[in-house]
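> I'd like to go over a predicted model; first the sequence, then the structure.
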Amino acid sequence: MATQKANSSAVVEKTTAAPPSLDISSLEKFAGAGAENVTSQDVSLPFLKILTSNSPHVTQGDSKFIENARPGQVINTVLNKLYNGKDGFKVVPCFYKFEYVEWADRGKADSLAPVNSYPADSDIMTKTKRGDDRKDRLDNGNYIEPTHYHYVLIVDENDQPAETAVIVMKATQAKKSKKWNSMMLSQRRKGKNGFFQPPTWSQIYTLKTVLEKNNLGSWYGWEVEHTKDIPNATLMEGAKAFYETCSKGMAKVSLSQENENTAEATPF
């Protein structure tokens, strides 16, 4: 009997199996891999800044222009992510620091970066004189700006940790910083040993922006509202971890980045 040979030109259909889904545990065991040599000197926290009509992000033709950017919105300076200032967004305040920052006048070669910074217990303000421009100036002509830093963990719509950032409050916003600190210090919860002050990183606040005015002009400022206690362990762990990073001095900020190409209204 003759043997029938297979047709060599026949098309053999191949079935390709779907790739297996990724199990998060397979990544978790390599947590941190690839970033072993990245230190606090190699990164800089983003700032959350209120956009004004003079901000480069709202100015057509500027290299930093963003199509949907509007005055009163808040921008993450690293991610270029916009937050709605009118509706607000949620944050957990994880750490606070106050410094006196020395600046050269805008327009000078070294004006984008601070000349120096002094701790909260410094006597530097005793060495200044109030100028006609209402700035506290040293004998060298530079001025000192009391600066409030709020290190925050941004919370997403599902009450999960999103990004970390720092908010700088100074000039017209210094009162807002003091008010926020007072709100944090006034919180009380009852435990087994009575009432206690909970850690700031156990609370969620909503940040909004509002239009403010005085006889020198108008600008957008911060509005802070207490929202609720942290509702889940994941957010609590993230907030506590960021607090520990900040308290060890490992969360670095670059004031030159905060001050670069800004023209924010800061009337007194």
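Thanks, I have it. Residues are numbered from 1 along each chain as shown.
> show me how far the helix or strand containing residue 183 is from its chain's centre.
Using DSSP states H and E, residue 183 sits in helix 174-185. Shown here is helix 174-185, whose average C-alpha point lies 17 Å from the average C-alpha point of the whole chain (CA atoms, centre = their mean, to the nearest Å).
> list the buried residues of the longest helix along the chain.
For the chain, the helix reaching the highest residue count under DSSP state H is reported as helix 233-247. For helix 233-247, a neighbour-count test (16 or more other CB atoms under 10 Å) marks 235-236, 238-240, 242-243, 245-246 as buried. Yep, even glycine has a C-beta here, placed from its N, CA and C like the rest.
> what does that helix rub up against?
Contacts to helix 233-247, defined as CB atoms under 8 Å, 6 or more residues apart in numbering, come from residues 92, 94-95, 97, 151, 153, 155, 159-161, 164, 199-202, 230, 251.
> before we move on, back to that, next secondary structure element downstream of the helix holding residue 183?
Per DSSP H and E, the first helix or strand lying C-terminal to helix 174-185 is strand 189-191.
> low pLDDT regions in this protein?
1-18, 22, 32, 35, 37-43, 109-112, 255-268 (pLDDT under 70).
> so what's the residue nearest the centre of it up against?
Here the mean C-alpha position of the chain is nearest to the C-alpha of residue 165 (CA atoms, centre = their mean), at a distance of 2.2 Å. Neighbour list for residue 165: 45-48, 76, 151-152, 154 [criterion: CB under 8 Å, 6+ apart].
> burial of residue 102, as a residue count?
By the criterion of other CB atoms under 10 Å, residue 102 has 18 neighbours.
> which element is it on?
Using DSSP H and E, the element containing residue 102 is strand 89-103.
> now for the helix or strand just after that strand, which elements pack on it?
Going down the chain from strand 89-103, the next helix or strand is strand 116-119, by DSSP H and E. Of the remaining helices and strands, those touching strand 116-119 by 3 or more CB pairs under 8 Å, 6 or more residues apart in numbering; DSSP states H and E are strand 89-103.
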